[in-house]
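Q: pasting a predicted model and its sequence here:
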Amino acid sequence: MEEEQLSIFNEKEQKIGALPRNQVHANGAWHETFHCWFVRKSGNRIYLYFQLRSPEKKDFPSLLDVTAAGHLLASESVEDGVRELEEELGVKLPFTLLQPLGTVKEKLKNGLETDAEICRVFSFGITQEIEFTLQASEVKGLFHVELKA
């Protein structure tokens, strides 16, 4: 099976090519990710949803993370990132229902690898009950935390 190809970018976020995922991390090349936070308002309370990463994950097993997130493949647009919602949470949503929150660039050194992400960040406001079907290889659990002002 061929390894996933990720687009790589320069410091100005201009696309400059594509590399296999392992090379992207080994070289510390900038690449795009999709992050989506689920938020629910109940009365005067606001809750933010976190996923508990599977203990089988290579990176940061059994730690809390963004509600749903993942790498964007070289063949994908930011809009295609909604596949992460379906893959990890079993929730199928159109991209048009997401609220853009901006872009966050971060570099994280993890052992011999450097994860240099251009994170395209979105939120989704939960307005009705959602049935989640978690992908066990990715997500162990889902938690919501009340945000305090």
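A: Nice, I can see it.
Q: any idea which helix or strand comes after the longest helix seen in the chain?
A: Among the segments of the chain that qualify as a helix by DSSP state H, the longest is helix 21-27. Moving toward the C-terminus from helix 21-27, the next helix or strand (DSSP states H and E) is strand 30-42.
Q: got the buried residues for that following strand?
A: 30-40 (16 or more other C-beta atoms under 10 Å). Yep, even glycine has a C-beta here, placed from its N, CA and C like the rest.
Q: got these as JSON lines, with pLDDT and distance to residue 76 columns?
A: Shown next, in JSON lines, are these (pLDDT from 0 to 100; distance: C-beta to C-beta, whole Å):
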{"residue": "30", "pLDDT": "98", "distance to residue 76": "16"}
{"residue": "31", "pLDDT": "98", "distance to residue 76": "12"}
{"residue": "32", "pLDDT": "98", "distance to residue 76": "9"}
{"residue": "33", "pLDDT": "98", "distance to residue 76": "11"}
{"residue": "34", "pLDDT": "98", "distance to residue 76": "9"}
{"residue": "35", "pLDDT": "98", "distance to residue 76": "14"}
{"residue": "36", "pLDDT": "98", "distance to residue 76": "14"}
{"residue": "37", "pLDDT": "98", "distance to residue 76": "20"}
{"residue": "38", "pLDDT": "98", "distance to residue 76": "21"}
{"residue": "39", "pLDDT": "98", "distance to residue 76": "24"}
{"residue": "40", "pLDDT": "97", "distance to residue 76": "28"}
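Q: please name the nearest non-neighbouring residue to residue 17.
A: residue 8 (5.3 Å; C-beta to C-beta, 6 or more residues apart in numbering).
Q: so the one you found sits against residue 24, correct?
A: Yes. Counting by C-beta atoms under 8 Å, residue 24 is a contact partner of residue 8 at 6.2 Å.
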